[in-house]
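K.L.:
Output the structure for:
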Amino acid sequence: MLGTQEGVRQVYLLGTAFAFLSAFTSFYVQSEGLYGSRGLLPACGFLRGISGETIYDKVAKLPTLLWFHESLELSVSQGLDFVSGTGTLLSIAALLSWRFRNRLVFALLWCCYFSLYQIGQTFLHFQWDILLLEAGFLAIWVAPWFYSRSTSDEGRVVVVASTGAAVPMMMVRWLFFRLMYLAGIVKLTSGCPTWWGLTALNVHYESQCIPTPLAWFAHHLPQWIQTNSVMMTLVIEIGLPFLFFAPSSTLRIFGALPQIMLMTLIFLTGNYNFFNIFTAVLAVSALYDFELPATAFFRRFTSSVAQKSADSALVPRLPKQIEYLLGVCAIAAIAYILNALFNVGNGSLLQDTKLSFSPSQFATFLTVATEVGVALGGVCLCVTIFATLIRNIYRRQFFRFLDTAAVSVLLVGVFMATTVTFVSNDSHHRFHTYPLWDSATSLEETVRPFEIANSYGLFRRMTGVGGRPEVSISGSNDSIHWIEYNFKYKTDNVDEMPAFCAPHQPRLDWQMWFAALGRVEHNLWLQVLAIRLLEGEPSVLALMGQQPPQLQTPPKYVQMNSWTYHYTNYGSKNWWNRTQDSGQYLIPVGLKTHSDVIKQINTHVYGGLSECAPTKQGSLARVLTFIRQKASAAFDWLPIVLLVVLALVLWTSTN
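P.N.:
The predicted structure follows:
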């Protein structure tokens, strides 16, 4: 049986469209409070800080569509609404119909999100944001220019893409390999004692940014499960990604399925927006259409897309006997590795698991493994390009030949750039002695501003070993009696059950977790948050939860305190225990008592002015204002709406 990737292409484009939809809608509901004229980091002030004589000079320094807001008679805030709204509509179109899964639509999606990313500052600079930009860039080339209808040999109507998917899908596979492999190695290269001691999950469930209710139960699992779960995480992330490039269907599935299982478990125990869902989608890049039924989750996608593909006859399926033999060998190899590297077979079964290699031995392995990874990715990409071009010539598909040649030149350059960021995690790498290394570093510097050749590495170190750090915000009218502000998703009230909010990402709640790891003077946005609470700014309060009656009107004073949280044990009525840390995170401040400092902060965030300059309001501005007013009531339902959309897309695509 021959391998095609038309089904895989559609799964990837659907998944990318859903990730964009989640990102755009999540941004839209928060943009007024985060980046509006009275937000925490006003976008108008950020743009005003970019110097340039002409708009084109400014675009060269900060490429974003927001520079053209005045041409549409929009304020900067309304420009954000327009860009995120456009991205939302295009994402929905791509989800609903294969006709919109073309290069133009995905190019527009990428441009819209890149424009938002450019002004996002601290709230939008997460690894999943750059992952979406890199994967979204590849989606432009995975998608065809257009589709056409044709009749199959069996007499049924099928949809045929104008271009093949083999070359760009191999780059998606390379991205997926880098994402998972780097996520694994940074855990050990960081020297974090919890990863080396296999105790990271003793801390993770309690200290992660926004846990789900299931994280409480996972935290209380027996120690041997926690230890061996860390072990399997390292094996899945460091060892199995090399199987993505295997010529065997069994080995590729053996490498990809555990990644999907890992992402599912992380999704259930932590709120990481669209990241886990999208990473699971990336996993199918290692598969071909005849392998999709083996994943069950994407069982019938191939039935709704073209069988006349530009990619047919690229990958033959090995005989079953060989596949079975390779599967047995893979299981035996994993068992041997577990025993050799983690001492699984010594002592009580699974009770005394520990690492049996030293940091220096791992460093030696890392240098070799990194070189092997680059070699596998490069060889597979070159073979795919060569085979696709030869097949196009043989079939006299000259348009596809020209498209494949042009796309291949571009993606080879991107591949070379990614090797630079990929090997940067190995301080002992030898790539600087290799031919073309200078060209690769030059290419990486060229594409760096566009976030299409990134380095990754989630959960590098475990924070909160001594407990979960949190910052609370309180208001008072007499500086004696203080009432705490409530957040929608952040851990605050000890008796409140943690919430599910993925694939939505509450950016303020997330950033509050990072603020607890630092100091208030290092977080300008947090100082602005205190000011906006004193002013009673509605757009900022909308980012937070339902407030007690005493805080329905702006307080005279605001203060912040540091706390350490721990999960409760079985039998408790609360979810958390907390103790207040010594000292204060932010001393009591008021609009009158600290007027000079507040004036300086406002001047800074507005780019030298006291507020955003008003702009002429056209008809488009009035429409955007009307939509925001009508949609604000439904903002709290966003996580549920997105999950329903995902379920409907999966159901309609597999039936």
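K.L.:
how close does residue 76 sit to residue 125?
P.N.:
Relative to residue 125, residue 76 is positioned 19 Å away (Cβ to Cβ, to the nearest Å). For every residue, glycine as well, the C-beta is placed using N, CA and C.
K.L.:
right, and the helix or strand after the biggest strand by length in the chain?
P.N.:
Longest strand in the chain by number of residues (criterion: DSSP state E): strand 557-567. Counting by DSSP states H and E, the element after strand 557-567 in chain order, helix or strand, is strand 576-580.
K.L.:
now that following strand and strand 557-567, what's the angle there?
P.N.:
130 degrees (axes from the mean of the first three to the mean of the last three Cα atoms, to 10 degrees).
K.L.:
Can you name every helix or strand that strand 576-580 contacts?
P.N.:
strand 557-567 (3 or more Cβ pairs under 8 Å, 6 or more residues apart in numbering; DSSP states H and E).
K.L.:
And the helices in the stretch 51-200 of the chain, which stretches?
P.N.:
For the stretch 51-200 of the chain, applying DSSP state H, counting those that start in this stretch gives helices covering 55-61, 76-96, 103-120, 127-142, 166-189, 193-196, 200-207.
K.L.:
where in the protein is pLDDT low?
P.N.:
Low-confidence segments of the chain (pLDDT under 70): 1-3, 151-157, 293-317, 344-351, 608-611, 613-615, 633-636, 649-655.
K.L.:
can you name the farthest residue from the center of it?
P.N.:
residue 478 (43.6 Å; Cα atoms, centre = their mean).
K.L.:
now the closest residue to it other than its chain neighbours: how far from residue 267?
P.N.:
Closest residue to residue 478 apart from its sequence neighbours, by Cβ to Cβ, 6 or more residues apart in numbering: residue 556 at 7.7 Å. Separation of residue 556 from residue 267 (Cβ to Cβ): 43 Å.
K.L.:
Looking at these two, which has the bigger crowd around it?
P.N.:
Just comparing residue 556 and residue 267: by other Cβ atoms under 10 Å the higher neighbour count belongs to residue 267, 21 against 15.
K.L.:
isn't the more buried one right up against residue 278?
P.N.:
No. Applying Cβ atoms under 8 Å, one finds residue 267 not in contact with residue 278, separated by 10.6 Å.
K.L.:
Go ahead and flag the most central residue of the protein.
P.N.:
residue 128 (1.9 Å).
K.L.:
for that one, what are its contacts?
P.N.:
Contact analysis of residue 128 by Cβ atoms under 8 Å, 6 or more residues apart in numbering lists 272, 273, 274, 275, 278.
K.L.:
Swap in 10 Å and give it another go.
P.N.:
19, 22-23, 135, 272-276, 278-279, 456, 458, 505 (Cβ atoms under 10 Å, 6 or more residues apart in numbering).
K.L.:
before we move on, what about residue 548?
P.N.:
By Cβ under 10 Å, 6+ apart, the contact set of residue 548 is 475, 483, 484, 485, 486.
K.L.:
Just the buried subset of these, please.
P.N.:
475, 485, 486 (16 or more other Cβ atoms under 10 Å).
K.L.:
From the residues you listed, pick the one nearest residue 261.
P.N.:
Nearest to residue 261 among the buried ones among the contacts of residue 548 is residue 486, at 35.4 Å by Cβ to Cβ.
K.L.:
quick one, longest helix in the protein?
P.N.:
Identified as the longest helix of the chain according to DSSP state H is helix 359-394.
K.L.:
List the buried residues in whichever helix or strand comes after that one.
P.N.:
Proceeding N to C from helix 359-394, the next assigned helix or strand is helix 398-423, under DSSP H and E. Using 16+ other Cβ under 10 Å as the test for burial, helix 398-423 gives 400-401, 403-404, 407-408, 411-423.
K.L.:
Indicate which one of the helices of the stretch 51-200 of the chain is closest to residue 36.
P.N.:
Per Cβ to Cβ, nearest to residue 36 of these: helix 76-96, 4.5 Å.
K.L.:
Can you list the buried residues in that closest one?
P.N.:
Neighbour-count burial for helix 76-96 [16+ other Cβ under 10 Å]: 76-88, 90-92, 94-95.
K.L.:
before we move on, what about stretch 571-589?
P.N.:
575, 576, 578, 581, 585, 586, 588, 589.
K.L.:
Switch these over to CSV; also include distance to residue 222.
P.N.:
Below are the buried residues of stretch 571-589 laid out as CSV (distance: Cβ to Cβ, whole Å):
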residue, distance to residue 222
575, 20
576, 22
578, 25
581, 31
585, 36
586, 41
588, 46
589, 47
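K.L.:
ok, these vs residue 215, which is closest?
P.N.:
Using Cβ to Cβ, residue 575 is the member of those that lies nearest residue 215, at 10.0 Å.
K.L.:
re the thing from before, helix 200-207 and the longest strand of the chain, what's the angle between them?
P.N.:
Strand 557-567 and helix 200-207 meet at an angle of 140 degrees, taking the same axes, to 10 degrees as the criterion.
K.L.:
Could you list every helix and strand that strand 557-567 packs against?
P.N.:
On a contact count with 3 or more Cβ pairs under 10 Å, 6 or more residues apart in numbering; DSSP states H and E, strand 557-567 meets helix 200-207, helix 213-219, strand 468-476, helix 507-515, helix 524-535, strand 576-580, strand 586-589.
K.L.:
Can I get those in TSV including distance to residue 390?
P.N.:
Shown next, in TSV, are the helices and strands packed on strand 557-567 (distance: least, Cβ to Cβ, whole Å):
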stretch	distance to residue 390
helix 200-207	48
helix 213-219	51
strand 468-476	57
helix 507-515	48
helix 524-535	55
strand 576-580	62
strand 586-589	66
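K.L.:
Those: which one's closest to residue 356?
P.N.:
helix 200-207 (17.6 Å).
K.L.:
And that closest one, how far out from the chain middle?
P.N.:
Relative to its parent chain, helix 200-207 has a centroid offset of 20 Å by Cα atoms, centre = their mean, to the nearest Å.
K.L.:
What about the contacts of residue 548, which are in strands?
P.N.:
Short answer: the contacts of residue 548 in strands (DSSP E) are 475, 483, 484.
K.L.:
Now the first one. Nearest residue, chain neighbours left out?
P.N.:
So the one you mean is residue 475. Per Cβ to Cβ, 6+ apart, closest to residue 475 is residue 555, 3.2 Å.
K.L.:
Closest one to residue 149 out of the buried ones among the contacts of residue 548, please.
P.N.:
residue 486 (54.6 Å).
K.L.:
Strands of the stretch 201-350 of the chain, residue ranges please.
P.N.:
315-316 (DSSP state E, counting those that start in this stretch).
K.L.:
Which residue ranges of it form helices?
P.N.:
Going by DSSP H, counting those that start in this stretch, the stretch 201-350 of the chain shows helices at 213-219, 223-234, 249-269, 275-283, 292-295, 320-342.
K.L.:
so which of those is the most packed in?
P.N.:
When you average the neighbours per residue for each of the helices of the stretch 201-350 of the chain (mean count of other Cβ atoms under 10 Å), helix 275-283 leads with a mean of 24.
K.L.:
Now do that helix and helix 249-269, the angle between them.
P.N.:
Going by the same axes, to 10 degrees, helix 275-283 makes 170 degrees with helix 249-269.
K.L.:
tilt between helix 275-283 and helix 166-189?
P.N.:
Going by the same axes, to 10 degrees, helix 275-283 is angled at 130 degrees with respect to helix 166-189.
K.L.:
elements contacting helix 275-283?
P.N.:
helix 6-35, helix 127-142, helix 166-189, helix 249-269, helix 638-653.
K.L.:
could you check the angle helix 127-142 makes with the helix or strand encompassing residue 441?
P.N.:
Assigned by DSSP H and E, residue 441 falls within helix 437-447. Relative orientation of helix 437-447 versus helix 127-142 (the same axes, to 10 degrees): 100 degrees.
K.L.:
Point out the other elements, helices or strands, that helix 437-447 touches.
P.N.:
helix 398-423.
K.L.:
chain center to the helix it packs on: distance?
P.N.:
Remark: helix 398-423 is offset 23 Å from the chain centroid, using Cα atoms, centre = their mean.
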